[in-house]
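Chemist: Next input, structure requested:
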Amino acid sequence: MAHNFHYYSPTEVIFGRGAHQETGKYIKKYGGTKVLIVYGSERVFKNGLMDEITDSMKAEGLTFEFLGGVVPNPHLSKVYMGIGLGKRIGADFLLAVGGGSAIDTAKAVAYGLAEPEEDVWTLFEHTRTAKKCLPVASVLTIAAAGSETSMGAVITNEKTNEKRAYDDDLARPRFAVMNPEFTLSLPDYQTESGCADIMMHTMERYFTNGGNMELTDSIAEGLLRTVITNAKILHNDPQNYDARAEVMWAGSLAHNNLTGCGNDGGDFATHMLEHELGGMFDVTHGAGLAAVWPAWARYVYKDALPRFVRYAVNVMQVKPEGSDEEIAQKGICAMEEFYHAIGMPVNLRELGITPTEEQIHEMAVRCAKACGGSKGSAKLLHQKDMEEIYHMAR
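Modeler: I've put the predicted structure just below:
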């Protein structure tokens, strides 16, 4: 039976070739005058994107300052730097140019500027909730995190190696400019890690023991099949614009809650397990998810067998022959074969890390703490379960 749900996705999307040239107009539309532009790679200057964006802003009479150098698994220290810079220039609008790391950093800075008397990290520690947030928007250059239309932000406190998420509708971007042309030069590993992340955002909502809606399931399955098809295309033909466009749009739809309407809120245990890997080892998020998921799936599949059977048949195209357990296991194996086909790892060794027993225990303790003691819908996981999944993933 379907659960009640509240679907809220207010972000205006400007999609396609040349879309970035309208950035200034949309900032002005949403009230921005003094803009802090947050970005990571200098690639956005070398390929001319930033110049075109700022030209559009100048044409609208907007002023701006840059906060660059955002890294994957974005750091709290950069957020604090951005808050300080934003205060000095009197920023009233945050524009992220890049992928999820730049957007999440912009969201965190926006929280900090809106409530300057508070430490923004306390939001990510979940010791308080935000009351205000400056407006945020993005020009997307990496299809992966879905942060361009989501309520979420993930920041790493590099002093404590804690990677933590905070979700609040206050930070949903006002608009997202999405031009697939600016993803054409991404390295294959980054592209495919993004595809793994996009799929996992949908899979976290799909593998539940709560109620489900047939329409939502069909949307989710179609999205997953689309990403699988186009991830394979991009692995061999990275300049394929149409495949880039399909993946970019899938990234937004995967994480704006559309694929979770009517279920119990989703599982998200794999994400929480990966956050500890990212915090401790600074691994690429999508690749980390791919490395953890097979172990998680084999640990929980018997507790959500109908969902794993449906996934195997409807997404991974497994023939419905044999017992339900056999079909589910074939689906997990097919997922591993797909990950390998696009150069993604299926365990921690392939990810390039070999956690010690002490590190596994520490990650499990931190993961359980971050989850409030337990996490999961397919199967409710506690600390001992999390530790076992890390062991299985080695």
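Chemist: Low-confidence ranges, the stretch 201-350 of the chain, go.
Modeler: By pLDDT under 70, the stretch 201-350 of the chain contains no weakly predicted segment.
Chemist: Give me the phi and psi angles of Thr23.
Modeler: phi -60, psi -50 (degrees, to the nearest 10).
Chemist: Near it, how many other residues are there?
Modeler: 28 (other C-beta atoms under 10 Å). (Each C-beta comes from the backbone N, C-alpha and C, glycine too.)
Chemist: try Asn236
Modeler: Asn236 has 11 nearby residues by other C-beta under 10 Å.
Chemist: With the one 5 residues further on instead?
Modeler: The burial count assigned to Tyr241 is 12, neighbours taken as other C-beta under 10 Å.
Chemist: does the residue nearest the centre of the chain count as helix, strand or coil?
Modeler: Most central in the chain under C-alpha atoms, centre = their mean is Ala145, positioned 2.6 Å from the mean C-alpha point. Under DSSP: H, G, I helix; E, B strand; the rest coil, the three-state class of Ala145 is coil.
Chemist: Is it in contact with Ser252, as I believe?
Modeler: No - using C-beta atoms under 8 Å, Ala145 makes no contact with Ser252, being 9.9 Å away.
Chemist: Can you mark which positions in whatever helix or strand Gly86 lives in are buried?
Modeler: Secondary structure from DSSP states H and E places Gly86 in helix 76-89. Within helix 76-89, the residues scored as buried using 16 or more other C-beta atoms under 10 Å are Leu76, Lys78, Val79, Tyr80, Gly82, Ile83, Leu85, Gly86.
Chemist: Can you give the contact residues for that helix?
Modeler: 34, 36, 38, 63, 65, 67, 69-71, 91, 94, 105-106, 108-109, 112-113, 116, 120-121, 155-159 (C-beta atoms under 8 Å, 6 or more residues apart in numbering).
Chemist: what is the mean pLDDT for that helix?
Modeler: Average pLDDT, helix 76-89: 98.
Chemist: Tell me who's in contact with the residue nearest to Val120 when sequence neighbours are not counted.
Modeler: Distance criterion C-beta to C-beta, 6 or more residues apart in numbering; nearest residue to Val120, sequence neighbours excluded, is Gly112 at 4.0 Å. Contacts here follow C-beta under 8 Å, 6+ apart; on that basis Gly112 touches Val79, Tyr80, Gly82, Ile83, Gly86, Glu118, Val120.
Chemist: quick one: which of those is nearest to Tyr390?
Modeler: Taking C-beta to C-beta as the measure, Tyr390 sits nearest to Val79 out of the contacts of Gly112, at 28.2 Å.
Chemist: Flag the shaky bits of the stretch 51-200 of the chain, pLDDT-wise.
Modeler: In the stretch 51-200 of the chain (pLDDT under 70), no residue qualifies.
Chemist: any chance you could map the strands in it?
Modeler: Along the stretch 51-200 of the chain, the segments classed as strands by DSSP state E, counting those that start in this stretch run 63-67, 93-98, 136-140, 152-157, 162-167, 175-178.
Chemist: gap between Pro135 and His361?
Modeler: 42 Å (C-beta to C-beta, to the nearest Å).
Chemist: typo on my end, Gly61
Modeler: 57 Å.
Chemist: before we move on, the earlier item: enumerate every residue touching the residue nearest to the residue nearest to the centre of the chain when sequence neighbours are not counted.
Modeler: Leaving aside its sequence neighbours, Ala145 sits nearest to Gly100 (C-beta to C-beta, 6+ apart; 2.4 Å). Residues in contact with Gly100 (C-beta under 8 Å, 6+ apart) are Ile142, Ala144, Ala145, Gly146, Ser147, Val154, Asp197, His285.
Chemist: Likewise for Leu170?
Modeler: Tyr111, Ala130, Lys132, Cys133.
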